[in-house]
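> Return atomic coordinates for the entry below.
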Amino acid sequence: MAKDLKKTLETMMRVFGKKPQEATTVYTAECEWKGNLLIEAKMGEFIQKIDEPEYMCGTNLGPSPLDIQMAALGSCQEIMYVAFAAVMGIQLDEVKVKVDGEIDLRGMFGMDGVSAGFQKIHYVTTIKSPESKEKLDQLVKAVEANCPVMDSLKRPVEVTGEVKFS
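Purely as a prediction, here's the structure:
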């Protein structure tokens, strides 16, 4: 599988180098309220139930939006480790990422001037590999510089929207 992954990624990088317009894509999620605090999010061909825990008056039928954000960062990191390792010829035996997001829930209610989002996000990546520390350090630098979810969390991203009434 790693050879197929490596070949595919190298081909994509060659194509994008010659035709940058080919690299632009759009990810879409369509979310629909299903009652109480339950949401169904359609992402491509997948449907994910998103809810709140019972202590927040949800029905706990799925992860919360904040859980999804933590999972997005952790899974993006892991995918990038696997992808870059394949391209760099680095053997990985295991990659795990644990992500913690610290939030003050008063912000959700507009209380005390507290920001509504996370105050702190911290992750711990555990890599099991027979490779040298030097090679693994190069891998870490590549992943941390190029993980799309981490980049989106670290820098200001333009967010626009509109509300329609029917």
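> in this protein, which spans are helices?
Here the chain has its helices, by DSSP state H, at 2-18, 65-88, 133-146, 148-154.
> Need the winner for burial among those helices.
helix 65-88 (a mean of 18; mean count of other Cβ atoms under 10 Å). Every residue, glycine included, has its C-beta placed from N, CA and C.
> Can you list the neighbours in contact with it?
Contact with helix 65-88 is made by 2, 5-6, 9-10, 13, 48, 50, 63, 90-92, 95-101, 103, 118, 121, 123, 125, 127, 129, 135, 138-139, 142-143, 146-150, 153, as judged by Cβ atoms under 8 Å, 6 or more residues apart in numbering.
> cutoff 7 Å now
If you take Cβ atoms under 7 Å, 6 or more residues apart in numbering as the criterion, helix 65-88 is touched by 2, 5-6, 9-10, 50, 63, 92, 95, 97, 99, 101, 103, 121, 123, 125, 138-139, 142-143, 146-150, 153.
> picking that back up, least confident of the helices of the chain, on average?
Lowest mean pLDDT within those: helix 2-18, at a mean of 89.
> hey, C-alpha coordinates of it in CSV?
Output of helix 2-18 as CSV, limited to C-alpha atoms (Å, rounded to 0.1, in the frame of the first residue of the first chain):
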residue,chain,number,x,y,z
ALA,A,2,2.8,2.5,0.8
LYS,A,3,4.2,2.1,-2.7
ASP,A,4,0.8,2.9,-4.2
LEU,A,5,0.4,5.8,-1.8
LYS,A,6,3.9,7.1,-2.6
LYS,A,7,3.3,6.8,-6.3
THR,A,8,-0.1,8.5,-6.1
LEU,A,9,1.2,11.4,-4.0
GLU,A,10,4.3,11.9,-6.2
THR,A,11,2.0,12.0,-9.3
MET,A,12,-0.3,14.6,-7.6
MET,A,13,2.7,16.7,-6.7
ARG,A,14,4.0,16.6,-10.3
VAL,A,15,0.6,17.5,-11.7
PHE,A,16,0.1,20.3,-9.2
GLY,A,17,3.6,21.7,-9.9
LYS,A,18,2.7,22.0,-13.6
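> Next, the angle from it to helix 65-88.
Here helix 2-18 runs at an angle of 90 degrees relative to helix 65-88 (axes from the mean of the first three to the mean of the last three Cα atoms, to 10 degrees).
> still on that earlier bit, please convert the helices of the chain to JSON lines, extending it with distance to Ser166.
Compiled in JSON lines, these are given as follows (distance: least, Cβ to Cβ, whole Å):
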{"stretch": "helix 2-18", "distance to Ser166": "40"}
{"stretch": "helix 65-88", "distance to Ser166": "24"}
{"stretch": "helix 133-146", "distance to Ser166": "41"}
{"stretch": "helix 148-154", "distance to Ser166": "31"}
